[in-house]
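Participant: just a sequence and a predicted model for now, questions to come.
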Amino acid sequence: VQLQASGGGLVQAGGSLRLSCPASGRTFNRYTMGWFRQAPGKEREFVAAISWSGGITYYADSVKGRFTISRDNAKSTVYLQMNSLKPEDTAVYYCAAGVVTREREGQNYAYWGQGTQVTVSS
C-alpha cells in the first residue's frame, strides 16, 4: 500500500483545512487508517483513526470536536477535516494504514505516507 498525504498549507488561527490521503492497492478497505502529526522538536502523536468500515472513529482529546476523520473506500481515500485550527496544531501530518488493534499507537501501522505540512498562524 502506498499512501500520499496532501492538503496542508498555511492558515490563520480559526481557519480550516482538509487533508486527503489516497492509497494505492486493492486492499484499502481492509485497513484501519490513521492520522498522526509531528511538530518540530516533539514526538509523533496520534490525531485520529477510523476503522476499515468507517463505522468507528477515534480522536485525540486535543482535536476532538474540531477534527473529523472520514474515508471513502470506493476512492481508497481517507480524509481529515480540520476546523477551528490553533497554532498548536502546527505540525507535519502523516497518514498511516494497518491492521491494528491499538489504533492510537503508531508502531502498529505498517504503511505510512509522506507528510504534509500544516502551519497555523496566530
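Facilitator: Cool, the structure landed.
Participant: ranges for the strands of this protein?
Facilitator: Per DSSP state E, the chain carries strands over the ranges 9-12, 17-22, 32-38, 45-50, 57-59, 67-72, 77-82, 91-98, 111-112, 116-121.
Participant: which helices and strands sit right next to the fifth one?
Facilitator: For strand 57-59, the packing partners by 3 or more CB pairs under 8 Å, 6 or more residues apart in numbering; DSSP states H and E come out as strand 45-50, strand 67-72. For the C-beta atoms, the positions are set from N, CA and C on the backbone; glycine is no exception.
Participant: nearest to residue 83, of these?
Facilitator: Between residue 83 and those, the shortest separation by CB to CB is 7.2 Å, and it involves strand 67-72.
Participant: mind giving me the packing neighbours of that closest one?
Facilitator: Other helices and strands packing on strand 67-72, by 3+ CB pairs under 8 Å, 6+ apart, are strand 32-38, strand 45-50, strand 57-59, strand 77-82.
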